[in-house]
Structure formats: C-alpha cells, structure tokens
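Visitor: please find the sequence and the predicted model below.
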Amino acid sequence: MRIGQFSDTFFPIVDGVGRVVYNYAMTIAGKGHECYVVAPMADRGYMGGAPFELIEFVSRNLPKQKQYQTGIPLLDTHYNMRIQKVQLDIIHAHSPFIAGQEALRIGRRRGIPVIGTFHSKYYDDFYQLTRAEMLADIGVRYVVGFYERCDEVWTVSYSSADTLRDYGYTGRIVVMPNGTPNVAPTDEQLALARERFHLGDAPVFLYCGQMNWKKNIRHILEAMALLRERGADFQLVLAGTGPDVAAIQKLADSLSLGERTVCTGHLCEDKLLNGLYQAATMFVFPSLYDTSGMVVREAAAMGTASVVVRGSAAAEAISDGENGLLCEDTPESLAATLQRTLDEPDLARRLGECARKTIYLPWPEVIDRVLDRYEHLVEEHRTASRVPLEVQ
C-alpha cells in the first residue's frame, strides 16, 4: 500500500503526536509499504536514511506556542509539486488543523479514504490559549466538524473516545492504541543516562513529556516537596521541553528541590531516554490531559512501572499494585503513593517486571492491526465507488 501520514507536529518536536507519527512511518515502511509523512517544515536537520519520505510545507511558528509550526500548504508551490507526484491509497490524519484539512482536500480530490485519529483534549488547549469558554466551545465544534468529514475516526484509548463523545461526535469510533518501540533494557543505555545526568544512588523519580502546566507537573513538584519534608532521599528528573520550563524550574527552586532536580531539556537520543526509564525507580505521570499512556508503555518496555492518577487515560492499562500504582489527583496522595516505593524497595522492581509483561505493546504488533484496517478501508472504498452493472 501507499500510505500518507499527515500531522501538524513531527520531529524534532518532543510531542506525543509527532512521536506517534514517526513510529507509524518507521514501522509501516519496515513492513514493506510506501509511507509518506506530510508535516510543517521545521529545523530538524538532515533526515536522510529514513525508510519513509518526508514532504514538508512552508511554515511559521505559532505566536503563543513557539515550539509548533503552522502554514498553508496550498500556497507552497514546491510542496504542491511534490505531493502531486505521490500516489496514495489511503490517508491517515493525526490532526484536525492545517495538516488534517490538507488530508481531507487530497482525499476528496483523489477519491481515497481518510482516517482521522483524535489525539488530544482540544478544549483544554483552546481554553489555555484563549481563557474564554465561548472560544473554546467554538474550537471544539471545529474539531468535531473535521472528524465528521473523515471516513473513519480512531482514538488511542477508551477514555479519549469518551472525550470525543463529550465534544458532540456521534459517529463510529475505532480504538487503536499507541505502541512502544521494539526495544529492551541494556546496561549501556543505563550507564550512559546515569553518567550524562549525574545520577547517584538515591531513588530516581522520572517524568517525561512536555514541560507544560497542563500535564499536572505542579502536583509532581508539590509531592516531591512533601517527600523532602519527611526526610526522604530521592532525585527528580524532568525530561523534555515546553512553554513552561522556566516557570517549572522556578517553582522547583522555591520548594527547595533545585539540588535534587535534573531538567534534561530536549532529548534527541532514544538511548538516553531509554536509559532514564531504566534508571527510574518509578515513572511519575499524573497527567489528566493526555489521551494515551504512551510514555507509560515506554517506561514499561524498560522494566519500570508508573504512578498515574486513578481514572486517567494512562490508568487504563494499570492494575493497582500489580503492574503500577494509582493515586488520587492531589499532591498528598501522589506523595503517599511514592513513599510506598521508598519504604518497600522490592515493590518497584516487582511492579516493573509485571509492567513489562503486561503493558509493553511493541509498535510492530500495533501496526499489524493498523495495516489490516487500512486494507479493509481501501477495499471497502473501492467497492463502494464501483458503478453497479444494470441487469437486462
């Protein structure tokens, strides 16, 4: 098959959607299919050697989200010349915005099916940007309108399907989870991460994701402050970058966590991140914003269990006390839950072993399901487009 992946974020942005699209493209191409990624142009350096083709359109930074780019594909002559030469059987849109609208335009023009995946809690994003409920509601209606025009809609978890229903979407939804790179823990990765970030013998609590308050990072810092007040010995690693990184560092300092906290910034090397997952006693992810627990699966792949908020999307794969730990949405509950892993040194190891067996979901397995669905939709679309013969 010839498959197009359309996204408004892609590498080098450390963004969940961009990483999902990258893994889709790498794994699909690895299984012998032609894959094309359409995304805004970014200063990502030379992408030579990738098994997929990257087709970019000219873009500009978003005013209040400078780590993201946007543009108008129709006005980019070079992009249009390239995309016209590409033959596609199916299109998968990972955003309802510029790239998603371009996916619909090409899909309708060429008569091929378009899948739209719902990745984010867009109301939260709109409200954070505008601080106006009316404008956030208008944005959500736009998002729902996009998915209503897709031939099929996917979500990455059951809770994200519920969110899309809450937004007003009434059509059919297919739940297609995200996966994890097909990797295993290694001593080399662990040693590299420990050396690079000067990690000592104290237990390590790790967060990985956007440095954005919407990820509930304030609760992480406040929970760590409570542990410090109780005399606990630990290190906190915050991996990633984002719009609130300076404010997060300032709060960590004000809570007397500065010497215990490592902010890694943008991580370009997978082996460094994998090493951090291995080094962590527990992965701490109290986000209520995320629609998928992809980082929870990544941690599990490295044999590290997670602490997440009960009822969140990330909690769907976790059985409390078996392959991870659940807490309430308060710093006090998070601190108390982490304290368990400090008081019972064997607990984190046991949870991590079970997490790798039960939560780790390699991308190749996910993409096998994806490709089966692609083939079904392509054939269904071809059959529906045939003109029936008249019986004489």
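Guide: Perfect, thanks for sending it. Given the structure is predicted, the values throughout are model-derived calculations rather than measurements.
Visitor: biggest strand in this structure by residues?
Guide: strand 34-40 (DSSP state E).
Visitor: which other helices and strands does that one contact?
Guide: In terms of contacts (3 or more CB pairs under 8 Å, 6 or more residues apart in numbering; DSSP states H and E), strand 34-40 is packed against strand 2-6, helix 16-30, strand 53-57, helix 98-110. All C-beta atoms are positioned from the backbone trio N, CA, C, and that covers glycine.
Visitor: between the ones you listed, which gets nearest to Ala252?
Guide: The minimum distance between Ala252 and these falls on helix 16-30, with 23.1 Å, by CB to CB.
Visitor: buried stuff in the closest one?
Guide: Neighbour counts using 16 or more other CB atoms under 10 Å place 16-29 of helix 16-30 among the buried residues.
Visitor: and which of those is nearest to Leu288?
Guide: Ranked by distance to Leu288 (CB to CB), the buried residues of helix 16-30 are led by Gly16 at 14.5 Å.
Visitor: returning to that earlier point: please state the offset of the longest strand of the chain from the chain centre?
Guide: Between the centre of strand 34-40 and the centre of its chain there are 18 Å (CA atoms, centre = their mean, to the nearest Å).
Visitor: in the stretch 1-150 of the chain, where is pLDDT below threshold?
Guide: 12-15, 43-48, 60-71 (pLDDT under 70).
Visitor: how about the helices in the stretch 151-300 of the chain?
Guide: With helices called from DSSP state H, counting those that start in this stretch, the stretch 151-300 of the chain shows them at 158-167, 187-196, 217-229, 245-254, 270-279, 294-301.
Visitor: just put those in JSON lines and tack on mean neighbour count and mean pLDDT.
Guide: Putting those into JSON lines (neighbours: other CB atoms under 10 Å; pLDDT from 0 to 100) gives the following:
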{"stretch": "helix 158-167", "mean neighbour count": "17", "mean pLDDT": "96"}
{"stretch": "helix 187-196", "mean neighbour count": "16", "mean pLDDT": "97"}
{"stretch": "helix 217-229", "mean neighbour count": "20", "mean pLDDT": "98"}
{"stretch": "helix 245-254", "mean neighbour count": "16", "mean pLDDT": "97"}
{"stretch": "helix 270-279", "mean neighbour count": "22", "mean pLDDT": "96"}
{"stretch": "helix 294-301", "mean neighbour count": "27", "mean pLDDT": "95"}
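Visitor: let's have those in CSV, adding distance to Pro286.
Guide: Shown next, in CSV, are the helices of the stretch 151-300 of the chain (distance: least, CB to CB, whole Å):
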stretch, distance to Pro286
helix 158-167, 15
helix 187-196, 22
helix 217-229, 5
helix 245-254, 14
helix 270-279, 17
helix 294-301, 11
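Visitor: just give me the closest of the buried residues of helix 16-30 to Val378.
Guide: Distances from Val378 to those, taken by CB to CB, are shortest for Ile28, at 13.8 Å.
Visitor: now do the contacts for the closest one.
Guide: If you count contacts by CB atoms under 8 Å, 6 or more residues apart in numbering, Ile28 has them with Ile3, Gln5, Cys35, Phe52, Ile367, Val370, Leu371.
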